[in-house]
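**Student:** Output the structure for:
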Amino acid sequence: MSALFQPLTLRGVTLKNRIAVSPMSQYRAKNGYANAWHLVHLGRFAIGGAGLVFAEATAVEDRGRRTHGDLGLWEDGQIEPLLPVTEFIAAENAVPSIQLGHAGRKASERRPWHGETPVTEEDEAARGEAPWQAIAPSALPYADGWPDPTEMSEADIDGVIRAFGQAARRSAEAGFKVIEVYAGHGFLVHQFLSPIANRRTDKWGGDAAGRRRFAVEVARSIRANWPDGLPLLFRLSATDWVDGGIEVEDTVETARALAAEGVDMIDCTTGGIGGRDRPQRMKLEQGFQVPFAEQVRREAGIPTMAVGFLWDSSVCNAAIADGQADMIALARELLDDPNWPLHAAAQLGADEAHAMWPPESGWWLMKRARLVEKLGLR
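**Tutor:** From the prediction side, this is the model:
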């Protein structure tokens, strides 16, 4: 069988293949609560054959939302609406997973189709969505035109670390089997890690070990509230693509520190620390972030996931077969084709006669394929 469709075991969880549905924010939650949109959105990926299905970035505090439409797990009432989602994913032989995060200085933002700019009083008048005060390691705005966040106090830092732990407890109660911490793309954990956003001189800043402390404490807080048999992942921006920011060598050291705290895999993305323009050092091409996953895997001795600009099944399969990564994650490609894993299985010779498809659709597709072949229509 092709490498992409080999099972993978992390702690007490076995994935049927190496394909993950990357967290994709939908901005359809109300006050952080899930609804039928999330069930249908995520359920179709489970039907489509992915092994690991991530719910979108889910805020551990209400002020940690990026937008008014973000999912949340900052209160116990948010658990119950997620139960149908996890139950459905698991029933389709996929693993229900969740990404926990905090937007930090990127909080209080408009949805992308409303401008992806800071929320203002205009949004309150138009949609009843008021702005709120963002927090961050240092009082540095995300980009030009963004308000200054409040520099986090010791109480703020301790509170957010505890909030990650409590959100992990709620994740388990909601039926999720894997947690990923959103520590990339300029969100709060990344803000602490990067010298671009963290100018603190106390124990939470300064040198690389100080900037790493927050991520380590978040991992400890989650592990204290998350079953030992369930995996914990971190999504890290392997490089900021900005001079003076994080480089892959820093991420290798962060990965080693997190592995020592019980983190099981690093999801290797890049960029996002500040501003909306793509850094000049970033060269976009298919699989452009795979080398980062390979280097972190090799030098930190921890499994990795490759993500970003991946769509060709042979390229994805080669990344696994060649030892560049242990999993691949897709997002927009799956929005375009939720059945991408099943199509990839056929392309790679891992599936014949639609055997991997749910029988409710696979039986009909097999029958059609036989008829089309017999009649010579394709």
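**Student:** Quick check: next helix or strand after whichever strand or helix holds residue 158?
**Tutor:** Using DSSP states H and E, the element containing residue 158 is helix 154-173. Going down the chain from helix 154-173, the next helix or strand is strand 178-183, by DSSP H and E.
**Student:** Let me see the ranges of the strands in the stretch 101-250 of the chain.
**Tutor:** Using DSSP state E, counting those that start in this stretch, the strands assigned to the stretch 101-250 of the chain run over residues 135-136, 150-151, 178-183, 232-237.
**Student:** Compare those and give me the one nearest residue 259.
**Tutor:** Across the strands of the stretch 101-250 of the chain, residue 259 has its closest neighbour in strand 232-237 (9.6 Å, Cβ to Cβ). Quick note: C-beta positions are derived from backbone N, CA and C, even for glycine.
**Student:** Give the rounded mean pLDDT of stretch 280-287.
**Tutor:** Averaging pLDDT along stretch 280-287 gives 82.
**Student:** residues in contact with it?
**Tutor:** With Cβ atoms under 8 Å, 6 or more residues apart in numbering as the test, stretch 280-287 has contacts from 241-242, 270-271, 278, 288, 306, 308-312, 315, 319.
**Student:** Max pairwise distance over these: which two?
**Tutor:** Taking Cβ to Cβ, the two most distant members of the contacts of stretch 280-287 are 242 and 312; they sit 29.1 Å apart.
**Student:** okay, these two: which has more neighbours?
**Tutor:** Taking other Cβ atoms under 10 Å, residue 242 and residue 312 do not tie; residue 242 has more neighbours (19 against 13).
**Student:** who touches the more buried one in this structure?
**Tutor:** Neighbouring residues of residue 242 by Cβ under 8 Å, 6+ apart: 196, 273-274, 279, 281.
**Student:** can you give me the helices for the stretch 51-200 of the chain?
**Tutor:** 83-91, 121-127, 154-173, 188-193 (DSSP state H, counting those that start in this stretch).
**Student:** what residues does the longest one touch?
**Tutor:** Residues external to helix 154-173 that are found in contact with it (Cβ under 8 Å, 6+ apart): 58, 60-61, 64, 73-74, 76, 78-79, 98, 100, 102, 135, 152, 179, 181, 188, 204, 214, 217-218, 221-222, 224-227, 230.
**Student:** For it, buried residues please.
**Tutor:** Using 16 or more other Cβ atoms under 10 Å as the test for burial, helix 154-173 gives 156-157, 160-172.
**Student:** Mind picking the one among the residues you listed that's closest to residue 89?
**Tutor:** For those, the nearest to residue 89 is residue 171 (13.4 Å; Cβ to Cβ).
**Student:** That closest one and residue 225: what is the separation?
**Tutor:** According to Cβ to Cβ, to the nearest Å, residue 171 stands 9 Å off from residue 225.
**Student:** In three-state terms, label the nearest residue to residue 88 once chain neighbours are set aside for me.
**Tutor:** Excluding the flanking residues, the one nearest residue 88 by Cβ to Cβ, 6 or more residues apart in numbering is residue 43, at 4.9 Å. Assigned by DSSP: H, G, I helix; E, B strand; the rest coil, the conformation of residue 43 is helix.
**Student:** For residue 43, list the residues it contacts.
**Tutor:** Contacts for residue 43 (Cβ under 8 Å, 6+ apart) come out as 85, 88-89, 92.
**Student:** again, but for residue 50
**Tutor:** Shown in contact with residue 50 (Cβ under 8 Å, 6+ apart): 17, 19-21, 94, 334, 341.
**Student:** ok, 7 Å please
**Tutor:** Applying Cβ atoms under 7 Å, 6 or more residues apart in numbering to residue 50 gives the contacts 19-21, 94, 341.
**Student:** Show me those residues that map onto strands.
**Tutor:** Per DSSP state E, strands hold the following members of the contacts of residue 50: 19-21.
**Student:** Most neighbours among those residues, which one?
**Tutor:** When neighbours are counted by other Cβ under 10 Å, residue 20 leads the ones in strands among the contacts of residue 50 with 31 neighbours.
**Student:** That one contacts residue 329, doesn't it?
**Tutor:** Yes - Residue 20 lies in contact with residue 329 (Cβ atoms under 7 Å); the separation is 4.1 Å.
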